[in-house]
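> just to be clear, the model below is a prediction. Sequence and coordinates:
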Amino acid sequence: MKSFEDKVAVVTGAGSGIGRALAVDLARRGALLAISDVNDDGLAETVDLVKAAGAREVRSDHLDVADRAAFTAYAEAVVGQFGRVNLVVNNAGVSLTGDLVDLAYEDMDWIVGINFWGVTHGTKEFLPHLIASGDGHLVNISSLFGLVSMPGQSMYNAAKYAVRGLSEAVREEMLVAGHPVGVTVVHPGGIKTGIARNGRYSEVEDGAQTARFFDEKLARMTPEKAASVILAGVEKDKARVLVGLDAHIVHQLGKIAGSRYQDIVANRAKRLMPPGTKVV
């Protein structure tokens with residue numbers, strides 16, 4: 001996919017953050033948009049922004065990506081309106097912070113439902129249409145924490161590692177079958193979004209302090225810059241896109257140190273994190 005002009009692009013989690021930035025960037029590049037979110041107010045703001053950016057056609061839907069039946073109906077409706085789908089970005093995601101021993105099963109089901117099953121639903125429901133388009137591309141948003149693990153992020157790590165495995169296997173399947181679909185898995189580092197502020201925390205976690213630490217110390221890149229990096233990766237048909245200097249540095253640490261990176265991360269976390277908080 002060398003151009004997004006006149007391509008039908010689906011973006012989940014478009015009500016804020018990277019999803020919104022991707023939708024606006026794609027609008028500027030001439031794409032037709034199908035955007036969704038559970039945050040209706042945020043999604044409405046994104047609709048205004050993409051229209052201002054020049055979107056010729058935009059469809060917006062309230063969508064819980066963890067709801068399989070809803071996602072199936074959504075995919076059918078999008079294809080019914082546009083007649084095709086060229087680009088799918090499974091971006092919707094949430095955070096859950098706290099040591100595994102302190103997490104509630106309800107919250108664990110919640111994050112896996114959105115961060116893993118939401119991506120799986122978007123991949124499975126739209127993949128036949130990407131194949132049929134003759135010029136398709138699938139983008140699944142994992143995380144830096146889909147490459148290395150962090151304390152306090154066990155379920156987030158689990159879901160994002162799963163997204164990586166799913167995406168890489170699907171890419172291999174497309175290559176084996178000779179289908180005209182590129183697959184890119186994205187691993188952002190700290191991006192200036194509301195994921196920490198809007199996330200869930202264990203009962204013993206200081207959520208406000210953790211979110212503040214993420215916003216002030218870890219979130220370095222703007223969503224707009226992240227969107228630009230991601231779309232450049234799509235244009236180059238990259239299998240993996242790392243977003244942010246922190247993502248590149250920590251990924252290299254994991255490669256160089258091997259499994260010993262876990263000891264390094266644990267030591268640094270004990271020294272750097274404020275009391276009652278975990279890495280987000």
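Looks like it came in fine.
> only C-alpha atoms from now on, for both contacts and neighbour counts.
Fine.
> can you check the pLDDT for Lys225?
At Lys225, the model reports a pLDDT of 97.
> near it, how many other residues are there?
Using other C-alpha atoms under 10 Å, Lys225 has 15 neighbouring residues.
> so which strand or helix has it?
Per DSSP states H and E: Lys225 is located in helix 223-235.
> one more: Val10?
Going by DSSP H and E, Val10 is part of strand 8-11.
> residues in contact with that strand?
19, 22-23, 26, 31-36, 82, 84-91 (C-alpha atoms under 8 Å, 6 or more residues apart in numbering).
> which element follows that strand toward the C-terminus?
Next along from strand 8-11, by DSSP H and E: helix 17-28.
> elements contacting that following helix?
Helices and strands in packing contact with helix 17-28 are listed as strand 8-11, strand 32-37, helix 40-52, helix 223-235; criterion 3 or more C-alpha pairs under 8 Å, 6 or more residues apart in numbering; DSSP states H and E.
> could you give me the average pLDDT of that helix?
So the average pLDDT for helix 17-28 ends up being 98.
> now the lengthiest strand in the chain - C-alpha only, PDB.
The longest strand of the chain (DSSP state E) is strand 181-188. Only the C-alpha atoms of strand 181-188 are listed here, as PDB (Å, rounded to 0.1, in the frame of the first residue of the first chain):
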ATOM      1  CA  VAL A 181      -2.300  -8.300   2.400                       C
ATOM      2  CA  GLY A 182       0.500  -6.700   4.300                       C
ATOM      3  CA  VAL A 183       0.600  -7.200   8.100                       C
ATOM      4  CA  THR A 184       2.300  -4.800  10.500                       C
ATOM      5  CA  VAL A 185       2.500  -5.200  14.300                       C
ATOM      6  CA  VAL A 186       3.200  -1.900  16.100                       C
ATOM      7  CA  HIS A 187       5.100  -1.600  19.400                       C
ATOM      8  CA  PRO A 188       4.800   2.000  20.800                       C
END
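> which elements pack onto the next helix or strand after it?
Proceeding N to C from strand 181-188, the next assigned helix or strand is strand 200-201, under DSSP H and E. Under the contact criterion of 3+ C-alpha pairs under 8 Å, 6+ apart, strand 200-201 touches strand 96-97.
> residues contacting the strand it packs on, please?
107-108, 111, 152-153, 155-156, 199-202, 205, 278-280.
> can you rerun that using 6 Å?
Gly152, Gln153, Gly199, Arg200, Tyr201 (C-alpha atoms under 6 Å, 6 or more residues apart in numbering).
> was I right about Ala202 contacting Gly98?
In this structure residue 202 is Ser, not Ala. Yes - at 5.1 Å, Ser202 counts as touching Gly98 under the criterion of C-alpha atoms under 6 Å.
> which stretches of the stretch 101-250 of the chain form strands?
Per DSSP state E, counting those that start in this stretch, the stretch 101-250 of the chain carries strands over the ranges 136-141, 181-188, 200-201, 240-243.
> of all the ones you listed, which one is nearest Ala232?
strand 240-243 (9.2 Å; C-alpha to C-alpha).
> other residues contacting that closest one?
Thr184, Val185, Val186, His187, Pro188, Gly189.
> now the fourth one: how far from Val10?
Right, the one you point to is His187. With distances taken as C-alpha to C-alpha, to the nearest Å, His187 is found 19 Å from Val10.
> repeat that for the third one.
Using C-alpha to C-alpha, one obtains 16 Å as the distance from Val186 to Val10.
> equivalent analysis for the fifth one, please.
Pro188 sits 19 Å away from Val10, going by C-alpha to C-alpha.
> when the two are compared, which one has more neighbours?
Between Pro188 and Val10, Val10 has the larger neighbour count (other C-alpha under 10 Å), namely 28 against 25.
> same drill for Ser202 and Gly98, tell me which one is more crowded.
Gly98 (26 against 18).
> return the residues in contact with His62.
Contacts of His62 by C-alpha under 6 Å, 6+ apart are Ser36, Asp37, Val38.
> quick check: longest helix of the chain.
helix 154-177 (DSSP state H).
> most neighbours of all the contacts of strand 240-243, which one?
Result: Val185 is most packed of these (other C-alpha under 10 Å), 29 neighbours.
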